[in-house]
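> got a predicted model here, sequence first, then my questions.
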Amino acid sequence: MRVRGVVRDEETGMAITGASVVIGRRSVNTDALGRYRIGAEWKRTTMTVGAAGYEPLEVAVDGSNRNTVQDVVLRRASWTVQPASRSGAGRDAPVDPGPRDQ
């Protein structure tokens, strides 16, 4: 069976380039228009879709059709990544704000 579709941002509806689509041991990345195409075994299965800055999503795929269209909408991650410290020592170092206008 072949599964194809488009991965989009939930808020903007814009296509997500480079999203990862995984079924079993097979994986592909979406193209510049958010499109993907991946082969899967002929059965009901689960597809995992993820992208940097988005919450990963598991989607049930019905294996009853030879060609299945499965569009996916990803939600932006609610968590944030803290930037690395400037000292490089694993803790924040004071940063000189530079000259102040008086």
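Cool, got the structure.

> find the residue ranges of this structure scoring beneath the pLDDT cut-off.
Scanning the chain for pLDDT under 70 picks out 79-102.

> of all the residues in the top strand by length along it, which ones are buried?
In the chain, with assignment by DSSP state E, the single longest strand is strand 2-9. Neighbour-count burial for strand 2-9 flags 3, 5-9 (criterion: 16 or more other CB atoms under 10 Å). For every residue, glycine as well, the C-beta is placed using N, CA and C.

> give me the contact list for whatever helix or strand comes next after it.
Helices and strands here follow DSSP states H and E; after strand 2-9, the next one along the chain is strand 20-23. Outside strand 20-23, the residues that touch it by CB atoms under 8 Å, 6 or more residues apart in numbering are 3, 7, 27-30, 36, 38-40, 45-51, 61, 72.

> what lines up beside strand 20-23 in the sheet?
Strand 20-23 pairs in its sheet with strand 26-29 (antiparallel), strand 45-50 (antiparallel), by DSSP bridges.

> could you give the separation of stretch 56-71 from the chain centroid?
With CA atoms, centre = their mean, to the nearest Å as the basis, stretch 56-71 stands 17 Å off its chain's centre.

> end to end on that stretch, go ahead and measure it.
Stretch 56-71 has an end-to-end distance of 14 Å (CA to CA, to the nearest Å).

> now it: buried residues?
For stretch 56-71, the neighbour count (16+ other CB under 10 Å) marks 57, 59, 61, 68, 70 as buried.

> tell me how many other residues surround Ala32.
8 (other CB atoms under 10 Å).

> wait, Arg76 touches Glu55, no?
Yes - counting by CB atoms under 8 Å, Arg76 does reach Glu55; the two are 7.5 Å apart.
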